[in-house]
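Q: Next input, structure requested:
(one chain, ligands or ions: 1)
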Amino acid sequence: MAPPTVVVSEFMDEPAVARLSQVHPTTYDPGLVDQPEALQSALAGARALVVRNRTQVTAELLDQAPALEVVGRLGVGLDNIDMAACKARGVAVHPARGANADAVAEYVIAAALQMLRGGAFFATEAVQAGEWPRDACQGGEMAGRTLGLLGFGDIAQRTARRARALGMTIIAHDPMVTEAAEATLLPFDALLAAADILSLHVPLTDATRGLFDADALGRMKRDAILINTARGGIVDEAALAEALKAGRLGGAALDVFAVEPLDAEAARAFQGVPNLILTPHIAGVTAESNERVSAMIADAVLEALA
Ligand SMILES: O=C(O)[C@H](O)COP(=O)(O)O
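A: Numbers count the residues shown, from 1 in each chain. Coordinates of the predicted model:
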């Protein structure tokens, strides 16, 4: 078998893989991300590498791939890719910008609705059993509440449009944005103090690492809901667990974690914590978004190698 020109180390929509395979010898093995040696040897002659968020594209890995020309990223976060090392080696990096944004925006709205109103939808058994738990099932409304967005890029703006349609007031903080039709821009402290639901849409950088520590969480409303679909590491998980347990915060939905899958310490910290939803880094992944993301990256790789 010819050594692969294209290596795909995490899951990708099969029709997009097939398009790559028609043109170039392609190794598609979603398990490669967990087999560093196999990944290195697959890359020996590869011109393209396609990853999601778990494959660490480090300088060391790039050194094992001397023919590499392009990295396709099946998502938008770039914290698993050493961009400087790619640049130094002339390796282009293509994220799937915009292709999973609707999936994340819908997740944020669903998580907020779930936190406010979700209890009612778990009443099926009680209702079948002849109970009528109307008090326990009473929730809250999105309309009239304030959605705070930290970061006001594409995903946050799509979330804002949906929230506005539900009657919410939208506020945002983004040092890169000076004008926004969809939101009132506020300083960070004012955003923390005013949001009923606060959703994070910033990358993990030195400036955002650990930003939501005990102090920041303490400056939010006591009944506020925090939603993190951005990156683990922005929220201090132990401090969040403590705040929820102590009733200093209303609830949280976390899709991303400092270590994924959760390590034992984080799992212990979250044990028995009330009003907490944990999901496995899935906000941006739906059947539709996987198709869009994969098609976009197949196109980018084919074009780069043409
Ligand atoms: O950065 C992203 O777009 C999200 O983390 C989803 O990425 P993934 O689906 O490629 O893991």
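Q: Near the ligand, which residues of the stretch 1-150 of the chain are found?
A: Proximity of the stretch 1-150 of the chain to the ligand (CB under 6 Å from any ligand atom) is limited to residues Arg52, Asn53, Leu74, Gly75, Val76, Gly77, Asn100. From N, CA and C alone the C-beta is placed, and that goes for glycine too.
Q: what would those look like in a markdown table with secondary structure, neighbour count and distance to Gln271?
A: As requested, those are arranged in a markdown table below (DSSP: H, G, I helix; E, B strand; the rest coil; neighbours: other CB atoms under 10 Å; distance: CB to CB, whole Å):
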| residue | secondary structure | neighbour count | distance to Gln271 |
| --- | --- | --- | --- |
| Arg52 | coil | 24 | 28 |
| Asn53 | coil | 21 | 26 |
| Leu74 | coil | 29 | 32 |
| Gly75 | coil | 21 | 29 |
| Val76 | coil | 20 | 32 |
| Gly77 | coil | 17 | 28 |
| Asn100 | coil | 24 | 31 |
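Q: What residue in the stretch 151-300 of the chain comes nearest to the ligand?
A: Residue nearest to the ligand within the stretch 151-300 of the chain: Gly284 (3.9 Å; CB to the nearest ligand atom).
Q: give the contact list for that residue.
A: Shown in contact with Gly284 (CB atoms under 8 Å, 6 or more residues apart in numbering): Gly75, Val76, Asn100, Ala101, Ala103, Val104, Tyr107, Thr229, Val293.
Q: Mind doing that once more with 6 Å?
A: Taking CB atoms under 6 Å, 6 or more residues apart in numbering, we find Gly284 in contact with Asn100, Ala103, Val104.
Q: Relative to the ligand, which of those residues is nearest.
A: Asn100 (5.2 Å).
Q: quick one: the nearest residue to Arg73 once chain neighbours are set aside and Ser289, what's the gap?
A: For Arg73, ignoring the flanking residues on the chain, the nearest one in space by CB to CB, 6 or more residues apart in numbering is Pro95 at 4.4 Å. According to CB to CB, to the nearest Å, Pro95 stands 13 Å off from Ser289.
Q: quick check: longest helix of the chain.
A: helix 287-305 (DSSP state H).
Q: Please save the CA atoms from that one in CSV.
A: This file holds the C-alpha atoms of helix 287-305, laid out as CSV (Å, rounded to 0.1, in the frame of the first residue of the first chain):
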residue,chain,number,x,y,z
ALA,A,287,-24.8,15.5,12.0
GLU,A,288,-25.2,18.7,9.9
SER,A,289,-22.1,20.5,11.2
ASN,A,290,-19.9,17.4,10.9
GLU,A,291,-20.9,17.3,7.3
ARG,A,292,-20.2,21.0,6.7
VAL,A,293,-17.0,21.0,8.7
SER,A,294,-15.7,17.9,6.9
ALA,A,295,-16.7,19.1,3.4
MET,A,296,-15.0,22.5,4.1
ILE,A,297,-11.7,20.9,5.2
ALA,A,298,-11.7,18.3,2.4
ASP,A,299,-12.0,21.2,-0.1
ALA,A,300,-9.3,23.2,1.7
VAL,A,301,-6.9,20.2,1.7
LEU,A,302,-7.6,19.3,-1.9
GLU,A,303,-7.0,22.8,-3.0
ALA,A,304,-3.8,23.1,-1.0
LEU,A,305,-2.4,19.9,-2.5
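Q: Cool, thanks, signing off.
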